[in-house]
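>>> Take this sequence and fold it.
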Amino acid sequence: SPRMEFGAKGPSAGRQAQQPRLESRAPPPRLAPRLGERPHLRYIPQQTNIITSGDHMDISGHCHPKFDRVRQEFERHFATGEGVGASLCLTVEGETVVDLWGGIADVSTGAPWERDTVAMVFSCTKAATALCAHILVSRGQLDLDAPVAEYWPEFAQAGKGDIPVRMLLNHQAGLPALRRPVPEDAFCIWELMTTALAAEEPFWEPGTRVGYHWYTFGWLVGEVIRRVSGLSVGQFFAREVAGPLGLDFWIGLPEEVEPRVAPVIMLGRPTGLDPDSIAGLVWYNDGGFLDPGRCDTRVMHAAEIPAINGITNARGLAGMYAPLACGTGLVGPDDVARMAAVASATEKDATQGGRFRYTLGYQKFGPGNPLAVPETGFGHAGMGGSVGFADPGAKLSFGYVMNKLSTHDRAARLLDATYQALGYRSKASGGWL
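Residues are numbered from 1 along each chain as shown. Down below sits the predicted model:
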């Protein structure tokens, strides 16, 4: 691949490793009777190719009667225009109780959102990357308290020799951005980004502050995974997680899946930030990743950017979390407990501002967060509204993926309906009880 210099402009031509093709599983058995006709929406239990027309919106899939209020909330997103295309999946005790999809996948063509439509889920990808790290921990191959430099010697530059692996996962390492200008499409060149991060001086003394590592998380944790396992994050995830679980979930999309990807209806960058501040560097120094249309290019899909460019659907997110919710594989119960435990917390995140709590690679929802998940839950939200999480207390896994980026209010209402359907009564404490 051509080499690029930081501070200089130029195209990206990084070649991406081919990922193994993963076949979709057959649809899960129906857990509910056929859903009848409703005004303005028709529910089709099997996948169809009907495109929305007039004031009718088609939603396909199945929903257990107990979760009818969840279906109604999903329906409302389209009726109000909040949603364009989306999918929603819930599992309880490992059984799929909600699997719905509908709307428009591509507004330029009117193509419908099908059962196998996938979309970029942005920071929901961090959960997949973190899971790969925890699998290595569970096998005794990775020590969370060991210095990162023990696995990645070049990382010791700029006074970083003592930073432990756990600080890469809990957003305390002090490396949320890069100071030098990032070349165009540099996110697609693994060695360029990891070399730059290895040389970067921390923005704060590691361990003294908490600041969301929006895109750097993927290269930092991913390079450790690569050094330990000999595989890229995308390869490891395909072999150890997506393949065995039968998930349509990729970090580095195979070309043959490209026609199934729903283009992103992007939000604009925030304006008025100091470009030299941490937030400014995160939002503005991204090699064009957030430029209109850039996320929809083949080069961005094919690359492994394991903090932000995972491509999947709701079934893929819920399917990844289901074994963690039920304690049925991937890692042991002690590992799940560690993944769910708060590892850092702040009243003012150094990157995002505001109150945030993180586990080792995941977010804690609940108090201070619009997503009212009980304290037993852990997961990750993605920019613009996608959400996935596991709640071992309820043996629940949840996935919501859409193409129109907005706030997390849509997922928050789906979560509320989910916990109400499960018999939870109050969220006055910030999380459902």
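
>>> Tell me who's in contact with the residue nearest the centre of the chain.
Centroid check for the chain by C-alpha atoms, centre = their mean gives Cys124 as the closest residue, at 0.9 Å. Applying C-beta atoms under 8 Å, 6 or more residues apart in numbering to Cys124 gives the contacts 310, 312, 317, 380-382, 386-388, 401. For the C-beta atoms, the positions are set from N, CA and C on the backbone; glycine is no exception.

>>> Select only the buried ones of the residues you listed in ChimeraX?
What follows is the ChimeraX syntax selecting those of those that are buried according to 16 or more other C-beta atoms under 10 Å:
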select :310,312,317,380,381,382,386,387,388,401
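
>>> Looking at the contacts of Cys124, which one is closest to Asp143?
His380 (23.4 Å; C-beta to C-beta).

>>> From Lys427, how far off is the nearest residue to that closest one once chain neighbours are set aside?
Counting by C-beta to C-beta, 6 or more residues apart in numbering, His380 lies nearest to Ala127, which is 4.1 Å off, once chain neighbours are set aside. Counting by C-beta to C-beta, to the nearest Å, the gap from Ala127 to Lys427 is 23 Å.

>>> Tell me, how many residues neighbour Glu347?
With neighbours defined by other C-beta atoms under 10 Å, the count for Glu347 comes to 10.

>>> repeat for Arg294
By other C-beta under 10 Å, the residues close to Arg294 number 18.

>>> Now do the nearest residue to it once chain neighbours are set aside, the pLDDT please.
Excluding the flanking residues, the one nearest Arg294 by C-beta to C-beta, 6+ apart is Gly288, at 5.3 Å. Each residue has a pLDDT score; the one for Gly288 is 95.

>>> repeat for Gln46
38.

>>> Dump the helix or strand hosting Arg227 to PDB, keeping only the CA atoms.
Element membership for Arg227, per DSSP states H and E: helix 216-229. Extracted C-alpha coordinates of helix 216-229, given in PDB (Å, rounded to 0.1, in the frame of the first residue of the first chain):
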ATOM      1  CA  THR A 216      -8.900   5.800  18.400                       C
ATOM      2  CA  PHE A 217     -10.400   3.000  20.600                       C
ATOM      3  CA  GLY A 218     -10.500   0.700  17.600                       C
ATOM      4  CA  TRP A 219      -6.900   1.000  16.600                       C
ATOM      5  CA  LEU A 220      -5.600   1.000  20.200                       C
ATOM      6  CA  VAL A 221      -7.500  -2.100  21.300                       C
ATOM      7  CA  GLY A 222      -7.400  -3.700  17.900                       C
ATOM      8  CA  GLU A 223      -3.600  -3.500  17.600                       C
ATOM      9  CA  VAL A 224      -3.300  -5.300  20.900                       C
ATOM     10  CA  ILE A 225      -5.700  -8.000  19.600                       C
ATOM     11  CA  ARG A 226      -3.600  -8.300  16.500                       C
ATOM     12  CA  ARG A 227      -0.300  -8.600  18.400                       C
ATOM     13  CA  VAL A 228      -1.700 -11.200  20.700                       C
ATOM     14  CA  SER A 229      -3.700 -13.300  18.200                       C
END
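
>>> now the helices for the stretch 251-400 of the chain?
278-284, 298-302, 314-326, 333-340 (DSSP state H, counting those that start in this stretch).

>>> do you know which of the ones you listed lies nearest Trp219?
Among the helices of the stretch 251-400 of the chain, the nearest to Trp219 by C-beta to C-beta is helix 278-284 (13.9 Å).

>>> related to what we said a few turns ago, run through the residues that contact the residue nearest to Arg294.
184-185, 294.

>>> Tell me the backbone dihedrals of it, please.
phi 90, psi 10 (degrees, to the nearest 10).

>>> how close does it sit to Cys295?
Using C-beta to C-beta, we find Gly288 at a distance of 10 Å from Cys295.

>>> and the longest strand seen in the chain with helix 314-326, angle?
Ranked by residue count under DSSP state E, the longest strand found in the chain is strand 95-106. Strand 95-106 runs at 150 degrees relative to helix 314-326, counting by axes from the mean of the first three to the mean of the last three C-alpha atoms, to 10 degrees.
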